[in-house]
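Asker: 3D, please:
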Amino acid sequence: MQYKILHKNLYYLNDYALIPYREEDLFKIRRWRNEQINILRQKKPLTEKEQKKYFEEIVSPTFNQNKPPMMLFSFLKNEHCIGYGGLVYIDWEAGRAEVSFLLDPQRVRNSEQYKKDFSAFLTILKQIAFTKLKLNRLFTETFDLRPFHISVLEKNGFILEGRMREHVKIKGRLVDSLIHAVLRSDYEA
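Answerer: Predicted structure coming up:
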């Protein structure tokens with residue numbers, strides 16, 4: 001599969017790459033989502049049937065759209081899928097999108113590895129968003145449970161823009177959400 005809006009299928013940074021979300025990665029991504037449910041907007045574990053249906057009915061049609069509402073990628077290292085993510089809630093008129101990212105939980109446990117992987121992902125995604133798609137703004141919403149994740153975002157040019165206090169309930173506890181963003185002008189500077 002390839003996004004009609006992009007002129008190539010694979011975007012590299014050294015031994016990392018982003019490729020449009022591959023069907024072959026569906027079930028490992030489902031497992032990773034279920035293992036990290038507390039950091040996602042996902043309320044219950046996903047079944048294989050739900051994951052396949054999501055890919056077929058929601059993700060797959062976006063490949064042929066001129067202005068898809070989302071663009072998801074398999075994140076590869078040395079040609080092996082280690083995570084996934086991309087641009088969601090794309091507003092083409094305003095030129096903005098939210099960044100989505102999830103890494104194999106085995107890699108998350110090693111903070112230096114996570115920093116390297118997440119930084120590579122952000123570098124490639126910013127190139128796609130700002131140079132290829134000509135978007136103006138990328139933003140994230142991160143639950144305030146992940147200080148290391150937040151520090152990597154900030155080291156990659158994302159600026160804290162706001163805090164939504166007690167915005168989500170996780171494991172019975174109200175947690176703040178932090179909003180970070182990077183603009184194309186920041187990227188170009």
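Asker: which residues of the protein fall in strands?
Answerer: 11-13, 16-20, 71-77, 80-91, 96-103, 137-143, 159-170, 173-183 (DSSP state E).
Asker: which of those is buried the deepest?
Answerer: Most buried of these by mean neighbour count (mean count of other C-beta atoms under 10 Å) is strand 71-77; its value is a mean of 23. C-beta here means a position set from N, CA and C on the backbone, and glycine is covered the same way.
Asker: Tell me what angle it forms with strand 80-91.
Answerer: On the basis of axes from the mean of the first three to the mean of the last three C-alpha atoms, to 10 degrees, strand 71-77 is oriented at 160 degrees to strand 80-91.
Asker: Could you name the helices and strands sitting against strand 71-77?
Answerer: Here strand 71-77 touches strand 16-20, strand 80-91, strand 96-103, helix 111-126, going by 3 or more C-beta pairs under 8 Å, 6 or more residues apart in numbering; DSSP states H and E.
Asker: now the angle between helix 111-126 and that strand, please.
Answerer: In terms of direction (the same axes, to 10 degrees), strand 71-77 departs from helix 111-126 by 140 degrees.
Asker: sorry, back to before: got the helices and strands packed on strand 71-77 as TSV, with distance to Arg33 and mean pLDDT columns?
Answerer: Shown next, in TSV, are the helices and strands packed on strand 71-77 (distance: least, C-beta to C-beta, whole Å; pLDDT from 0 to 100):
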stretch	distance to Arg33	mean pLDDT
strand 16-20	18	97
strand 80-91	9	97
strand 96-103	6	95
helix 111-126	16	97
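Asker: Ok, which of those comes nearest Asn64?
Answerer: Closest to Asn64 of those, according to C-beta to C-beta: strand 16-20, at 11.3 Å.
Asker: Note down every partner strand of that closest one and its orientation.
Answerer: Strand 16-20 pairs in its sheet with strand 11-13 (antiparallel), strand 71-77 (antiparallel), by DSSP bridges.
Asker: Quick check: which of those is nearest to Ala120?
Answerer: Of all the strands paired with strand 16-20, it is strand 11-13 that lies closest to Ala120, at 5.2 Å by C-beta to C-beta.
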